[in-house]
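S.K.: compute the structure for the input listed below.
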Amino acid sequence: MTPLNLMVYRHSAFYSPILAGIGGGFFAREGFAPTYTLMPVGRDVGAMIASGEIHVSQASVSTIWALLEKGEAPSFTIFAHLNRRDGFLIAARRPDPDFRWDKLLEGRFMFAHGGQPQAMLTYALHKKGADLAAVNGLDRGDPDKAMAAFAAGECDYFHEQAPYPQQLEAEGKAHIVASVGDVIGPVAFSSLAATPAWLEKPEAARFLRAYGKARDWVNSAAPENVAAAVQSFFPAIRHDALVRSIAYYQKLGCWSGNLEIGRDEYETILDVFLHSKLITRRHPYEQVISPKFASQSRS
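M.R.: Prediction:
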């Protein structure tokens, strides 16, 4: 079996195409022995990919922008979609069928700080006529700590990826009231990254074949079946909450379409980061995305 070391930045049902690729046996059927790693604090994704410690990592296109902004040449490339929507939800302490985004300015709002999650939230609020800078914001770090803080009553609103809002809802402690992905629409949100040298190897074609099948399956299979395939990655999460998480992402369209990252989706994420002044210019698609590998997976 060929080693296949995979990494993500955030542990979430949002990355079920990777998790189901492991738990559903898609990678094993292509001859891989996969491992799954959460990005270690203080490590650099580019260095981990370049060294071969990680073969494929979940990454945002902004990881390459950060290098280009400093005049550095990236050692890796973005080559395929993982999610084409933002997967963060807004949960409130009580049901609110008349929720408006400016209500987030009225209470204590725990949201994922920094980088792309905050930039996307800022842009969604902007599109709804509100300003994230005006909220009473709280940060408790990783999703488990943030979920526990919300459950303990530390805030009124909670911003996180599934399955954490669904878990709180299943426990009767929260009610999902809004979705960042609904507001912003299709975007180059989460992608896959690897070195160009690895992508030219025969195992890369096998990876793309297995990953493409896994992603298609999580997009179209019964949510109960997908949840069963990834449940072992979420031992503390209720099965019904995980089922609702998968169903939500399927309906949102996170895993729909081909593996190629579209230019229009890339332009939207540029708009998001320019709005938050996290980049200084519109970096060309060709400097960041290598679409040929994803398109070859369909041939």
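S.K.: identify the residues contacting the helix ranked longest in the chain?
M.R.: Longest helix in the chain, counting residues (DSSP state H): helix 202-220. Residues outside helix 202-220 that contact it (Cβ atoms under 8 Å, 6 or more residues apart in numbering) are 2, 4, 16-18, 20-21, 24, 26-27, 29-32, 55-56, 80, 82, 192, 194, 198, 226, 246, 250, 255-256, 259, 293-294, 296-298. For the C-beta atoms, the positions are set from N, CA and C on the backbone; glycine is no exception.
S.K.: next secondary structure element downstream of it?
M.R.: Next helix or strand after helix 202-220 toward the C-terminus (DSSP states H and E): helix 223-230.
S.K.: before we move on, the earlier item: what angle separates the longest helix of the chain from helix 223-230?
M.R.: Calculated by axes from the mean of the first three to the mean of the last three Cα atoms, to 10 degrees, helix 202-220 forms an angle of 140 degrees with helix 223-230.
S.K.: using PDB, write out every CA atom in helix 202-220.
M.R.: C-alpha atoms of helix 202-220 as PDB (Å, rounded to 0.1, in the frame of the first residue of the first chain):
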ATOM      1  CA  PRO A 202       1.300   8.200 -11.000                       C
ATOM      2  CA  GLU A 203       0.000   8.200  -7.400                       C
ATOM      3  CA  ALA A 204      -1.500  11.600  -7.900                       C
ATOM      4  CA  ALA A 205      -3.700  10.300 -10.700                       C
ATOM      5  CA  ARG A 206      -4.800   7.500  -8.400                       C
ATOM      6  CA  PHE A 207      -5.500  10.000  -5.600                       C
ATOM      7  CA  LEU A 208      -7.600  12.200  -7.900                       C
ATOM      8  CA  ARG A 209      -9.600   9.200  -9.100                       C
ATOM      9  CA  ALA A 210     -10.300   8.100  -5.500                       C
ATOM     10  CA  TYR A 211     -10.900  11.600  -4.200                       C
ATOM     11  CA  GLY A 212     -13.300  12.400  -7.100                       C
ATOM     12  CA  LYS A 213     -15.300   9.300  -6.400                       C
ATOM     13  CA  ALA A 214     -15.400  10.100  -2.600                       C
ATOM     14  CA  ARG A 215     -16.500  13.700  -3.300                       C
ATOM     15  CA  ASP A 216     -19.200  12.700  -5.700                       C
ATOM     16  CA  TRP A 217     -20.500  10.100  -3.200                       C
ATOM     17  CA  VAL A 218     -20.700  12.500  -0.200                       C
ATOM     18  CA  ASN A 219     -22.600  14.900  -2.400                       C
ATOM     19  CA  SER A 220     -25.200  12.400  -3.600                       C
END
